[in-house]
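Undergrad: structure here, sequence nowhere to be found:
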């Protein structure tokens, strides 16, 4: 089983929404905030909550809002290879096994922490 399946970039909200309706949802989305026809935030809610998102943008005013959309990270342009590598590594750490997702792991981790405090 491959570690990742890369898909071509989606430049518009329309393309992003179409992608959400076809096939298996992605485990990770790398997205700019501003697309050709609007903000990616307007379409990301169509993906399931277990889909993590790394935002790559030139705009810092959305940093708090993106965490409503399963943001794993928020990288400001121009990004360095090391910053992107660190974000991808973070995703891999939080998705410990194939078929598992970042959100499944985070939910399990919080549940375990709550249960162990009793």
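TA: Thanks, I have the structure now. Note that the coordinates shown come from a computational prediction; the quantities given were computed from them, not determined experimentally.
Undergrad: any stretches of this protein with poor pLDDT?
TA: Within the chain, the segments meeting pLDDT under 70 span 1-3, 96-118.
Undergrad: and the strands in it?
TA: Ranges of strands within the chain are 28-31, 34-35, 38-39, 52-57, 71-76, based on DSSP state E.
Undergrad: so which of these is nearest residue 18?
TA: Closest approach to residue 18 among these is made by strand 34-35 (12.8 Å; Cβ to Cβ). Heads up, the C-betas are built off the backbone N, CA and C, glycines and all.
Undergrad: name the surrounding residues that touch the closest one.
TA: Residues outside strand 34-35 that contact it (Cβ atoms under 8 Å, 6 or more residues apart in numbering) are 10, 11, 12, 13, 16, 40, 57, 59.
Undergrad: now the buried members of those.
TA: Buried by 16 or more other Cβ atoms under 10 Å: 10, 13, 16, 40, 57, out of the contacts of strand 34-35.
Undergrad: just to check, the last one is in contact with residue 77?
TA: Yes - checked against Cβ atoms under 8 Å, the pair residue 57 and residue 77 is within contact range at 6.4 Å.
Undergrad: most tightly packed of the strands of the chain?
TA: Sort these by mean neighbour count, taking mean count of other Cβ atoms under 10 Å, and strand 52-57 sits at the top with a mean of 22.
Undergrad: which neighbouring elements make contact with it?
TA: In this structure, strand 52-57 packs against strand 28-31, strand 71-76, helix 81-94, with contacts taken as 3 or more Cβ pairs under 8 Å, 6 or more residues apart in numbering; DSSP states H and E.
Undergrad: which residue is nearest the middle of the protein?
TA: Ranked by distance to the mean C-alpha position of the chain (Cα atoms, centre = their mean), the top residue is residue 53 at 1.2 Å.
Undergrad: wait, that one touches residue 72, no?
TA: Yes - if you go by Cβ under 8 Å, residue 53 and residue 72 touch, sitting 6.3 Å apart.
Undergrad: tell me, what's touching the two both at once?
TA: Residues touching both residue 53 and residue 72 (Cβ under 8 Å, 6+ apart) are residue 28.
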